[in-house]
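> How does the following fold in three dimensions:
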Amino acid sequence: MSENSFVIGAVNVTSTEVKCPGCGASIGVKYDPEALNLTCPFCGLVSALPQPGTVPVMQELDFNSALQRASVNWGHVKKMITCANCGGQTLYDAEQVTGACPFCGSTSVAPAAENAQIMAPQAVIPFAVTKEMTQLCFDNFLNSRRVASKKVYGSKLENVIGIYLPFWTYDTLTVSVYDAHTIESRYAPRQNFRGVINRFYDDLVIYGSDKVRNQNIKRVQEFDFQRMVPYSPKYLAGIPAERYTVGLNDGWERAKMQISEKIKKMLFRKYFWKATIDAINTNYYNVKFRYVLAPIYLATYKCGRMVYPVAINGQTGKTYCEVPTFLAKLILIPLAIMLLVLVLFFFALTPELM
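Numbers count the residues shown, from 1 in each chain. Below is the predicted model of the structure:
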């Protein structure tokens, strides 16, 4: 069994529910992202939760001891469904009923196996953007697109779903040894040399699922980790959560790829036109990680006959989606500028015609 198989699996079913401390009801008790509390629809009791920024930031766990220290207790009864259309696997409160996949909208969903364990998150970034605020976030994004087609303005969000998605964060100290050579010229012969650079990377964010089909998620996954809170099932009350399909080790491999690209770009900028990098060997020290559930709204909008997916950060409101552009603007404006420059240049050369 590979190391990753210990941290990838179906959800663990535990024995507690999110109940109202007043009347004991569990069905319908939901987290309110605007007031940052739990509200009971039966007795009306409002239960305060720890506010983001008022609790100590969760510390990272040591990567090498992750399997021994990882918690699998989600704190309340969960059920998991699998979508036959896109393969997405979603965690719900046991009492919640869902008839559609939150990712692709398909109604072809079925219960998934629940006989294996999956690591529970260490922390949650609570929703701060309400569902009612998503349209404003979307409108602001459209207004920022200067070459957007006029027909896109006034579009309305559809199928808005708020969901907690899985993210890994990694910290590491890197020591990179690189071999390079100077660019040979008629004035200077080629010279080989070796260098060393040290860098610390903090909170590299890796999206923990390959199942979600909304390609815009990675465009909005910038979070304020200082405002996360220790994991509690209360923040998930009434809100689905996606289980991770990219395990701890696979996530770390993707983080190392990010680091490698950052180091290559750094060296390219440093030695641009001066030298060529032949090889880079990076060692990683004191690797730490966190498993965090973070809030994302998934939605769609229509423009003509096309349907476009939308992703909105549930903490910051950052929004991204593909937007149809006014192609005539993109083509005619540069041509008009070029024509104006040519005309001015022509008259500059022939002032007697002025």
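> give me phi/psi at K150?
Main-chain dihedrals, K150, degrees, to the nearest 10: phi -60, psi -30.
> Confirm that E222 sits in a helix.
No. Counting by DSSP: H, G, I helix; E, B strand; the rest coil, one finds E222 to be coil, located in no helix.
> For it, give me its contacts.
Residues near E222 by CB atoms under 8 Å, 6 or more residues apart in numbering: 205, 313, 316, 318. In short, each C-beta sits where N, CA and C put it, glycine included.
> go again using 7 Å as the cut-off
Neighbour list for E222: 316, 318 [criterion: CB atoms under 7 Å, 6 or more residues apart in numbering].
> try V160
Applying CB under 7 Å, 6+ apart, the residues near V160 are 131, 134, 297, 299.
> quick one: the first one and G162 touch, right?
Yes. Checked against CB atoms under 7 Å, the pair K131 and G162 is within contact range at 6.0 Å.
> Of the two, which one has the most company?
G162 (22 against 17; other CB atoms under 10 Å).
> ok, what's across the strand from that one?
With DSSP bridges as the criterion, G162 is bridged to Y297.
> Next: the one 10 residues further on.
The residues listed as beta-bridge partners of T172 by DSSP bridges are Y201.
> try the one 5 residues further on
Note on V177: beta-bridge partners V196, N281, judged by DSSP bridges.
> Report the separation between it and R305.
Using CB to CB, to the nearest Å, V177 is found at 55 Å from R305.
> Those two - which one has more neighbours?
V177 (13 against 5).
> got the contact list for that one?
Contacts of V177 by CB under 7 Å, 6+ apart are 194, 196, 281.
> how about JSON lines for those, with distance to S144 added?
As requested, these are exported to JSON lines (distance: CB to CB, whole Å):
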{"residue": "R194", "distance to S144": "46"}
{"residue": "V196", "distance to S144": "42"}
{"residue": "N281", "distance to S144": "42"}
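> out of those residues, which are buried?
Neighbour-count burial (16 or more other CB atoms under 10 Å) applied to these gives no buried members.
> okay if I get those as CSV plus distance to E242 and pLDDT?
Shown next, in CSV, are the contacts of V177 (distance: CB to CB, whole Å; pLDDT from 0 to 100):
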residue, distance to E242, pLDDT
R194, 45, 91
V196, 41, 92
N281, 36, 93
